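Asker: predicted model, plus sequence, below.
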Amino acid sequence: MMAEIYLNGAYVAAEQATVSVMDRGFLFADGVYEVIPCYGGRPLGVDRHLERLGRSLAGIGMRDPLGRDAWQAVFARLLAAAPDTDQAIYLQITRGAAPVRDHRFPAASTPTVVAMSKPLPPRAPSIAEHGVRAILCEDIRWSRCDIKAIGLLAAVLLRQQAAEAGAEEAILYRDGQVTEGSTSNVFVVAGDCVMTPPTSPRLLSGITRDLLAELLRAAGIECMEQAVSVPVLQQADEVWITSSTREVAPVTAIGGQPVGTGVPGPLWREADRLYQDYKMRLRSGHV
Ligand code: PDD
């Protein structure tokens, strides 16, 4: 059975889920999105995701067209289609369609609201064993990366560049400072200190990032929001990337150079244990 897609208040088959070519999402990438991982039918960090959605919408002059309870009902219905599978919910809101193409906000328009779900496959065993490779690239994106905007062309090009180099991610820097990955946040370990670049308009405040920082601190591991320069990244003992779909992944090579000893490090194992434990508690309804 083809999964249903939520589109503007209705649940429709994928082939019926169509929007106008006049939609401002299509014409201008005028919209925002969220990706929410779900375990055992429970969305992880749903309040944080919806709060960030509210901030992204505010950043483009829009309001949440649904609100928390309505979103929860949409998620529950999408997840019910495959109750035994871990899933990733994708939702997108655009400023909707207007009669003519005009950059200025239309006086009146109805937002286009889409949500869908797809299976979230378990992590490949090779990741914990060998880690993933990354490349290092200049951050060519815009200056409001704190907004989870659907305009992802720069991220698409960077991630493709990584893929063509046989790497999983492009780690980005701007003015000599690491910002984030093209689709993830970055953590760096130097000695027993864990660092991640501070939130700013230059990067997305990742939900996985924030949760991991809290889990580490609760376990007595120092985790600081601190600027990370390119040389600090290159001399790090460990580098991790985090995202809703990749969890906490160890980066073991950057641009062909090994990170630390070139294998997933001991602090990554601890971070991963904390994150997996959180997922287990979520599955059993204990968080
Ligand atoms: N991307 N930074 C960027 C640029 C991202 O695209 C993402 C996630 C993150 C991590 O955020 P979170 O932990 O909230 O997933 C950071 C999603 C998964 C995507 O675009 O598919």
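Answerer: Good, I have the coordinates. Residues are numbered from 1 along each chain as shown.
Asker: residues of the stretch 1-150 of the chain that sit close to the ligand?
Answerer: Selection of the stretch 1-150 of the chain residues close to the ligand by Cβ under 6 Å from any ligand atom yields V35. In this view, the C-beta of every residue, glycine as well, is placed from N, C-alpha and C.
Asker: which SS state does the residue of the stretch 1-150 of the chain found nearest the ligand fall under?
Answerer: With Cβ to the nearest ligand atom as the measure, V35 is the residue of the stretch 1-150 of the chain nearest to the ligand, at 4.0 Å. Assigned with DSSP: H, G, I helix; E, B strand; the rest coil, V35 falls in the strand class.
Asker: okay, now P201: neighbour count?
Answerer: Using other Cβ atoms under 10 Å, P201 has 12 neighbouring residues.
Asker: OK, contacts around it?
Answerer: 143-146 (Cβ atoms under 8 Å, 6 or more residues apart in numbering).
Asker: about what we covered before: hey, what's the residue of the stretch 1-150 of the chain closest to the ligand bridged with?
Answerer: On the basis of DSSP bridges, V35 is bridged to Y90.
Asker: from memory it sits against R246, does it?
Answerer: No. Applying Cβ atoms under 8 Å as the test, V35 and R246 come out as separate, 10.8 Å apart.
Asker: could you point out the longest helix of this structure?
Answerer: helix 266-283 (DSSP state H).
Asker: quick one, phi psi at P125?
Answerer: phi -60, psi -30 (degrees, to the nearest 10).
Asker: burial measure for it, as a count.
Answerer: 8.
Asker: same check on V35?
Answerer: Counted by other Cβ under 10 Å, the residues lying close to V35 total 17.
Asker: for it, what are its contacts?
Answerer: Neighbour list for V35: 88-90, 243-245 [criterion: Cβ under 8 Å, 6+ apart].
Asker: which among the residues you listed count as buried?
Answerer: Neighbour-count burial (16 or more other Cβ atoms under 10 Å) is assigned, among the contacts of V35, to 88-90, 243-245.
Asker: Throw these into a markdown table and include distance to D272, thanks.
Answerer: Putting those into a markdown table (distance: Cβ to Cβ, whole Å) gives the following:
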| residue | distance to D272 |
| --- | --- |
| A88 | 19 |
| I89 | 23 |
| Y90 | 24 |
| S243 | 14 |
| S244 | 15 |
| T245 | 15 |
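Asker: report the distance from the longest helix of the chain to the chain centre.
Answerer: Relative to the chain's own centre, helix 266-283 is displaced by 18 Å; criterion: Cα atoms, centre = their mean, to the nearest Å.
Asker: list the contacts of T85.
Answerer: 119-120.
Asker: what helix or strand does it sit in?
Answerer: Using DSSP states H and E, T85 is not contained in any helix or strand.
Asker: any idea how far it is from G40?
Answerer: Separation of T85 from G40 (Cβ to Cβ, to the nearest Å) stands at 10 Å.
Asker: what are the bridge partners for A13, then?
Answerer: A13 forms beta bridges with E4, as assigned by DSSP bridges.
Asker: a markdown table please, covering the buried ones among the contacts of V35 and showing pLDDT and distance to R24.
Answerer: Output for those, formatted as a markdown table (pLDDT from 0 to 100; distance: Cβ to Cβ, whole Å):
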| residue | pLDDT | distance to R24 |
| --- | --- | --- |
| A88 | 98 | 25 |
| I89 | 98 | 23 |
| Y90 | 98 | 19 |
| S243 | 98 | 27 |
| S244 | 98 | 25 |
| T245 | 97 | 26 |
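Asker: quick one: L211 is in a strand?
Answerer: No. Read with three-state DSSP, L211 is helix and lies in no strand.
Asker: can you tell me which residues in the stretch 151-287 of the chain are near the ligand?
Answerer: The stretch 151-287 of the chain has residues 180, 183-185, 204, 206-209, 242-245 near the ligand, with proximity defined as Cβ under 6 Å from any ligand atom.
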